[in-house]
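**Q** model the following, please.
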Amino acid sequence: MKSRKLLVVYIILLVCILIVMFRLWPYKKAPVAPRDYPEIKEEGILRMITEYNQSGYYIAGDTIEGFQYELSQAIAALSGLEVQTQLEMSLAESFRELSDNQCDVIARNIPITSEIKEDYLFTEPIVFNKQVLVQRTKEANNGIQPIRNQLDLAQKTLYIPKNSPALLRLQNLAHEIGDTIYVKEDELYSSEQLAIMVAKGDINYAVCDQQIARLSKENLPEIDIDTDISFTQLQSWAVRKDSPILLDSLNSWLSQIKKSGLYDQIYKRYYGKK
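**A** Numbers count the residues shown, from 1 in each chain. You can find the predicted model right below:
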């Protein structure tokens with residue numbers, strides 16, 4: 001019965017993603033010339049791209065919710081701009097669309113690394129986050145204790161979404177423990193969907209952001225998320241290198257949202273206490 005419920009949740013999530021992405025498809029293909037904040041202000045539209053999940057944007061009943069979506073709406077209220085939201089599950093594809101001027105901002109929790117800082121500009125940190133191992137609890141895994149020591153990841157197969165920032169961390173971790181960690185990049189499923197697959201027993205291990213893992217845990221008591229894979233990281237939104245004025249504007253708006261207390265309200269609604 002429990003497995004059947006998980007399957008229903010799994011199918012509903014997939015259908016919602018397809019429906020919403022279809023609805024927003026015209027925005028993704030509209031040609032957009034390179035622009036910074038002056039051009040954005042003149043048009044009155046700020047184009048953001050995020051992912052379809054509780055951290056980004058999702059539909060609950062007849063309302064739109066999501067941590068990034070609510071932050072973007074707070075920015076819209078401050079700036080007077082209309083925020084148009086595009087959906088893309090792949091971070092790599094999101095960066096491609098940003099580079100191709102199909103959007104102005106990638107609004108998702110992106111770990112800041114020296115590699116991507118060479119190509120993009122990043123806002124002040126949106127959240128402090130880290131990567132965690134998603135596995136089944138002892139009760140949901142035939143009495144097998146969850147992994148607690150990273151050394152025990154040797155020869156294990158871990159699943160991550162395609163082009164996930166976790167890939168670099170897992171490669172480094174393999175060097176640290178001196179053994180092989182097999183990493184499977186799933187081209188179709190998001191972190192939340194991989195967590196469902198772990199709960200169902202389709203796969204044994206996945207890696208995702210702690211915030212997403214906490215949200216998944218609320219609906220999936222079968223999963224254990226208490227083993228850290230990385231240290232705490234700064235995670236921010238990204239803009240193009242040729243959008244420094246937009247970057248300054250975003251930082252100013254985010255600062256005002258934090259000072260007003262609205263940021264804490266939004267954060268608590270989706271992630272709980274800091």
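**Q** ranking helices and strands of the protein by mean pLDDT, which lands last?
**A** Ranked by mean pLDDT, DSSP states H and E, the weakest helix or strand in the chain is helix 2-29, scoring a mean of 54.
**Q** who touches the next helix-or-strand element following it?
**A** Downstream of helix 2-29, the first helix or strand assigned by DSSP states H and E is helix 37-43. Residues from elsewhere that reach helix 37-43, judged by C-beta atoms under 8 Å, 6 or more residues apart in numbering: 33, 35, 46, 81, 104, 243, 245-246, 248-249. In short, each C-beta sits where N, CA and C put it, glycine included.
**Q** got the CA positions of stretch 203-217 in PDB?
**A** Listed next in PDB are the C-alpha coordinates belonging to stretch 203-217 (Å, rounded to 0.1, in the frame of the first residue of the first chain):
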ATOM      1  CA  ILE A 203      17.700   2.900  -5.900                       C
ATOM      2  CA  ASN A 204      19.700   2.800  -2.700                       C
ATOM      3  CA  TYR A 205      21.400   6.200  -2.600                       C
ATOM      4  CA  ALA A 206      20.900   9.700  -3.900                       C
ATOM      5  CA  VAL A 207      22.600  13.000  -3.100                       C
ATOM      6  CA  CYS A 208      20.800  16.400  -2.900                       C
ATOM      7  CA  ASP A 209      20.700  19.700  -1.100                       C
ATOM      8  CA  GLN A 210      19.800  19.500   2.600                       C
ATOM      9  CA  GLN A 211      16.800  21.900   2.100                       C
ATOM     10  CA  ILE A 212      15.300  19.700  -0.600                       C
ATOM     11  CA  ALA A 213      16.000  16.600   1.400                       C
ATOM     12  CA  ARG A 214      14.200  18.100   4.400                       C
ATOM     13  CA  LEU A 215      11.200  18.900   2.300                       C
ATOM     14  CA  SER A 216      11.200  15.400   0.800                       C
ATOM     15  CA  LYS A 217      11.500  13.900   4.300                       C
END
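**Q** mind listing what's buried along it?
**A** Neighbour-count burial for stretch 203-217, counted by 16 or more other C-beta atoms under 10 Å, picks out 203-213, 215-217.
**Q** looking at those residues, which are in helices?
**A** Under the assignment DSSP state H, those contribute 210-213, 215-217 to helices.
**Q** ok, the residues you listed vs Ile229, which is closest?
**A** Gln210 (9.5 Å; C-beta to C-beta).
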